[in-house]
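Asks: Dropping a prediction and its sequence here:
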Amino acid sequence: MSELKKLSLHHHHLRMGAKFTPFAGWNMPLSYGSSLNEHLAVRESAGLFDVSHMGEIEVIGDQAEEFLNYALTNDVRKCKIGQAQYSILCSENGCTLDDLIIYRMSEDKFFLCVNAANIEIDYQTLLKRSEGFGCSVNNISLDYGQLAFQGPDSEAILSEIIDRDLSILSKMHFIVGDWLGFTSILARTGYTGEDGFEIYCKCYDLPKWLKTFESQAASIPWIGLAARDSLRLEAGFPLYGHELSENITPLQAGLTWVIGWDKPKFIGADALAKEKENQPASRVVHYLVNDRRIPREGCLIIAPDNEVVGKVLSGGYSPLHKKPTGSALIKNSYWTKQNDQGWHALVRENKLPIDLGSPALRRAIDPSLG
């Protein structure tokens, strides 16, 4: 078994009292104390994540847009300079190899953020698919670090740190600038369901961001993987290997909006179009549990007619709803019965009642958001 990689700020996290866990080949901070308190800090104020394990891939060239439009599901032509776009890397059969964020730096330069566990697979896949296109594909993951600063107070705090009004930066947009004496990419993106920012910079510049956060906003807590997972699950965001995988297509995951149906041919287009026409066999659903026990990955889902119709993909506790929550893959034919009473998750032969439904995180926080 290979040795786990360490974040460049590993010793700082040790000093902060982090508990560590293996994740995607990295030794990652799981929590710094109470993961519940970390979760609530992000929901109520702001929290700082070290997500430097994520991968970065650069695509440059006159045909970079054309290539990415062929290699990925979303319509890259709609992604303007200074804008970010969520997309899927699919196989020919329409299954998910990874989900990622595209940042358009210029007409012919793109910066991709990919999942840590899939860096090499994504890179090799994109490299092979780029043959015949006038562009280069470069794995620059070792050069970059990433901090995520998330929560309703993040805009005000970060605006003060860089002395710039970030209220003018729309969601899923980014700016590149020289702050603190070096260049960083500052994006209004994140994976918590809250407003927030993701900061990309060279690894050797991370300590400078760290020092600035500590000196100007000392009360900001560090947030570990446990809270990161509960935040994204509470918001209904997929995690690769759970709600998305080589066995779960974007359609099954409810991500039809991330497929450019009207764009030129792309990898997986035929399979996805056929699946759309015939309806997916399964569907990813979210639920709340009317019990204190938490159904974990692999637990069976039982429909109102007492038939086993699926399995849990992710399970955890929702501090917002004050009860367990989770996601499951069920037979699509049962989605019409989502509002029926009698759904259960099976935990150690105990049937726990659950309520199916789309995540209502944003409505719960601010009803005006609809």
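Replies: Okay, I see it.

Asks: Quick check, pLDDT for the nearest residue to P319 once chain neighbours are set aside.
Replies: Spatially, and ignoring its direct neighbours in sequence, P319 is nearest to H39 (5.2 Å; C-beta to C-beta, 6 or more residues apart in numbering). C-beta here means a position set from N, CA and C on the backbone, and glycine is covered the same way. pLDDT for H39: 97.

Asks: And the helix or strand that P22 is a member of, what's buried?
Replies: If you go by DSSP states H and E, P22 is part of strand 19-23. Taking 16 or more other C-beta atoms under 10 Å as the neighbour-count basis, strand 19-23 is seen to contain the buried residues 20, 23.

Asks: Could you look up the next helix or strand downstream of that strand?
Replies: Downstream of strand 19-23, the first helix or strand assigned by DSSP H and E is strand 26-31.

Asks: Partner strands of that following strand, with direction?
Replies: Using DSSP bridges, the strands paired with strand 26-31 in its sheet are strand 5-6 (parallel), strand 19-23 (antiparallel).

Asks: which residues touch the shortest one?
Replies: Outside of strand 5-6, the residues that reach it under the criterion C-beta atoms under 8 Å, 6 or more residues apart in numbering are 25-27, 53.

Asks: G33: which of those residues is nearest?
Replies: Closest approach to G33 among the contacts of strand 5-6 (C-beta to C-beta): N27, at 18.3 Å.

Asks: who touches that closest one in this structure?
Replies: Residues touching N27, when contacts are defined by C-beta under 8 Å, 6+ apart, comprise 4-7, 10, 20-21.

Asks: ditto for F67
Replies: Taking C-beta under 8 Å, 6+ apart as the test, what F67 contacts is 59, 61, 129-130, 133, 135.

Asks: and the one helix or strand it maps to, how far out from the chain's middle?
Replies: Taking DSSP H and E as the criterion, F67 maps to helix 64-71. Distance of helix 64-71 from its chain centroid, counting by C-alpha atoms, centre = their mean, to the nearest Å, is 22 Å.

Asks: What's the first helix or strand after it?
Replies: According to DSSP H and E, the helix or strand after helix 64-71 is strand 84-90.

Asks: what about dumping the CA coordinates of that next one to CSV?
Replies: Presented in CSV, the C-alpha positions along strand 84-90 are these (Å, rounded to 0.1, in the frame of the first residue of the first chain):
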residue,chain,number,x,y,z
ALA,A,84,-17.2,28.8,-14.3
GLN,A,85,-19.2,25.8,-15.6
TYR,A,86,-20.1,22.5,-14.0
SER,A,87,-19.7,19.5,-16.4
ILE,A,88,-19.4,15.8,-16.6
LEU,A,89,-16.7,13.6,-18.2
CYS,A,90,-18.6,10.6,-19.6
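
Asks: Each with direction, which strands does it pair with?
Replies: When pairs are called by DSSP bridges, strand 84-90 turns out to pair with strand 96-106 (antiparallel).

Asks: buried set for the partner strand?
Replies: Neighbour-count burial for strand 96-106 flags 96-105 (criterion: 16+ other C-beta under 10 Å).

Asks: same question, stretch 220-236
Replies: Within stretch 220-236, the residues that qualify as buried are 220-236, counting by 16+ other C-beta under 10 Å.

Asks: now swap in stretch 141-159 and tell me
Replies: Using 16+ other C-beta under 10 Å as the burial criterion, the residues of stretch 141-159 that qualify are 141, 144-155, 157-158.

Asks: roughly how far out does that stretch sit from the chain middle?
Replies: On the basis of C-alpha atoms, centre = their mean, stretch 141-159 sits 15 Å off its chain's mean C-alpha point.

Asks: First-to-last residue distance for it?
Replies: Distance across stretch 141-159, first residue to last, is 27 Å (C-alpha to C-alpha, to the nearest Å).

Asks: same deal with stretch 47-64?
Replies: Chord length of stretch 47-64, first to last residue, is 35 Å (C-alpha to C-alpha).

Asks: From the chain's centre, how far out is it? Work that out for me.
Replies: Centroid separation between stretch 47-64 and its chain, computed with C-alpha atoms, centre = their mean, is 13 Å.

Asks: repeat for stretch 291-308
Replies: Distance, stretch centre to chain centre, for stretch 291-308: 25 Å (C-alpha atoms, centre = their mean).

Asks: Ends of it, what's the gap?
Replies: 20 Å.

Asks: So for it, mean pLDDT?
Replies: Mean predicted lDDT for stretch 291-308 stands at 96.

Asks: and what of stretch 331-349?
Replies: Stretch 331-349 comes out with an average pLDDT of 92.

Asks: Reformat the strands paired with strand 26-31 as JSON lines; add mean pLDDT.
Replies: Listed next are the strands paired with strand 26-31 as JSON lines, based on pLDDT from 0 to 100:
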{"stretch": "strand 5-6", "mean pLDDT": "96"}
{"stretch": "strand 19-23", "mean pLDDT": "97"}
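
Asks: what about the ones you listed, which gets the closest to R283?
Replies: From the strands paired with strand 26-31, taking C-beta to C-beta, the stretch that ends up closest is strand 19-23, at 27.4 Å.

Asks: Quick one: residues contacting the residue nearest the centre of the chain.
Replies: Residue closest to the mean C-alpha point of the chain, counted by C-alpha atoms, centre = their mean, is Y191 at 4.9 Å. Residues near Y191 by C-beta under 8 Å, 6+ apart: 148, 228, 231-232, 235, 237.

Asks: ok, now E120?
Replies: Taking C-beta under 8 Å, 6+ apart as the test, what E120 contacts is N139.

Asks: Find the helix or strand that it is a member of.
Replies: Assigned by DSSP H and E, E120 belongs to helix 119-129.

Asks: Right, I'll leave it there.
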